[in-house]
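Visitor: From the sequence below, what's the structure:
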Amino acid sequence: MKAVLNGELRGVYEDRRVTVASFLRQWLAAQKEELAPNTYAGYEACVERDLIPAFGHYRLPDLRPKHIERWIAAQRKAKRGKVTIYRIVSTLRNALNHAVRSWGLRYNPAKHSVPPRPRAEERTCWTPDEAAAFLRHGAERYADRLTDLFEVMLGTGMRRSEVLALHWSDVHLVDRKLFVRWTLAAIDNGKIHLREPKTEASRAWISLSPRVMAALHRQAALQMSAHPDGRLDGLVFAKPDGLPLRPQWVLDQLRKRTAELDLPRIGLVSRPGARCRDCSRSVSPDRSPNPPCRSLGNGLSTVPAVRRGSQEAMGRGSCCPGRCSGRPSHPGSGSTRPRRPRSPIARRRRGVDGPVPSSSRDAPSACGRASTR
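Guide: Numbering: from 1, shown residues only. Next comes the predicted model:
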């Protein structure tokens, strides 16, 4: 009765029968429908592997900052990584914030215990010559579907999850563009899920260069010859039986082929911003690189399409003097300024681009096979 009266007085109802372990599992169950599969798997690993063994025996109202600080010190002494510790304590803070918002705790004991976020390491990028050597090596030694996949990734800036989830229904070869509608993820390198991108900006049109068009045409011819009816259906890059490629296998193949040329090791996660059609330098939405960039001059332009986070194809711009796209610069300036894109409404009125394809909430047939594998 005293606890009930205190709760009425303070507006907080702390149930001393609830342990940290039971609360964390309840919180995970409530978050499962709202989180992406990979995010949920990461939270579940933190809860079951670290948080419950360390704090699960405490009553929820009895958890104190000193308990968390003591655990952090023990983990640092055990030489655990800074990023790992940060993610675990951040997960605990997020869960306890939910308890505070639902009036189950007076304060969050982990609020000030989260260590500083570790600074991300500087990502390694290939130079145009290195990217050209990688593509040439793949074409000469392998000439397989992964060669075309890497060509599309380097030529459009698509993420690995986006290119592996690309469907033929979203590729418009006649218009020389494609639409990013789905992403693919493998949970713990096991079950494969197809879902919509996290943000609206990721659902974007991408214009295609001649090299990317050639890679897609090769894939189209290969799949049409294998299909009984000669139709294009399902995923653009898939196994012979139509099932999706596993992301980890694609990454392993990239690393293997990179090691064969002794190139710097790179990842397949980040998506670059706007890129010059004739070189690999980033292009600001409003101005070209300074100093001006240089194309390879050998027909192996590594990022030949301009991609920006928008709902339409922005065209193939160039920041190199004398190229076919972009507004010409003044004589002697050595740079060009790409024309600012029109608004979506103005472009549709002029008929430059068609409307964004309608997004069906039900995934295509290949999505069903991917999610049940």
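Visitor: Okay, helices next: where are they in the stretch 1-150 of the chain?
Guide: 2-10, 20-31, 37-46, 52-55, 65-77, 82-101, 128-137, 145-156 (DSSP state H, counting those that start in this stretch).
Visitor: Can I get the ones you listed in JSON lines including mean pLDDT, distance to N108 and mean neighbour count?
Guide: Backbone N, C-alpha and C define where each C-beta goes, glycine included. Output for the helices of the stretch 1-150 of the chain, formatted as JSON lines (pLDDT from 0 to 100; distance: least, CB to CB, whole Å; neighbours: other CB atoms under 10 Å):
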{"stretch": "helix 2-10", "mean pLDDT": "54", "distance to N108": "16", "mean neighbour count": "10"}
{"stretch": "helix 20-31", "mean pLDDT": "94", "distance to N108": "13", "mean neighbour count": "17"}
{"stretch": "helix 37-46", "mean pLDDT": "90", "distance to N108": "17", "mean neighbour count": "17"}
{"stretch": "helix 52-55", "mean pLDDT": "96", "distance to N108": "13", "mean neighbour count": "17"}
{"stretch": "helix 65-77", "mean pLDDT": "95", "distance to N108": "9", "mean neighbour count": "15"}
{"stretch": "helix 82-101", "mean pLDDT": "94", "distance to N108": "4", "mean neighbour count": "18"}
{"stretch": "helix 128-137", "mean pLDDT": "93", "distance to N108": "47", "mean neighbour count": "18"}
{"stretch": "helix 145-156", "mean pLDDT": "93", "distance to N108": "42", "mean neighbour count": "23"}
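Visitor: In a markdown table: those, plus distance to D241.
Guide: Formatted as a markdown table, the helices of the stretch 1-150 of the chain follow (distance: least, CB to CB, whole Å):
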| stretch | distance to D241 |
| --- | --- |
| helix 2-10 | 59 |
| helix 20-31 | 35 |
| helix 37-46 | 23 |
| helix 52-55 | 40 |
| helix 65-77 | 45 |
| helix 82-101 | 37 |
| helix 128-137 | 27 |
| helix 145-156 | 13 |
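Visitor: so how far is A29 from R16?
Guide: 22 Å (CB to CB, to the nearest Å).
Visitor: do the same with P53
Guide: 19 Å.
Visitor: Could you do V47 as well?
Guide: On the measure of CB to CB, V47 and A29 end up 11 Å apart.
Visitor: Also A41?
Guide: 14 Å.
Visitor: right, and the helices of the stretch 1-150 of the chain - which one's nearest A120?
Guide: helix 82-101 (9.1 Å; CB to CB).
Visitor: which outside residues touch that closest one?
Guide: 23-24, 27, 30, 42-43, 46-47, 50-51, 55, 60, 63, 68, 72, 75-76, 105-111, 113-118 (CB atoms under 8 Å, 6 or more residues apart in numbering).
Visitor: which stretches of the stretch 151-300 of the chain form strands?
Guide: 171-172, 177-179, 183-186, 192-195, 205-207 (DSSP state E, counting those that start in this stretch).
Visitor: so can I have TSV of these showing mean pLDDT?
Guide: Shown next, in TSV, are the strands of the stretch 151-300 of the chain (pLDDT from 0 to 100):
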stretch	mean pLDDT
strand 171-172	94
strand 177-179	95
strand 183-186	88
strand 192-195	86
strand 205-207	93
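Visitor: With distance to L232 added, can I get the ones you listed in a markdown table?
Guide: Formatted as a markdown table, these follow (distance: least, CB to CB, whole Å):
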| stretch | distance to L232 |
| --- | --- |
| strand 171-172 | 8 |
| strand 177-179 | 13 |
| strand 183-186 | 19 |
| strand 192-195 | 18 |
| strand 205-207 | 18 |
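Visitor: Among those strands, which comes closest to R80?
Guide: strand 183-186 (25.3 Å).
Visitor: Could you double-check that V163 sits in contact with M153?
Guide: Yes - between V163 and M153 there is a contact under CB atoms under 8 Å: 5.4 Å.
Visitor: Lovely, talk soon.
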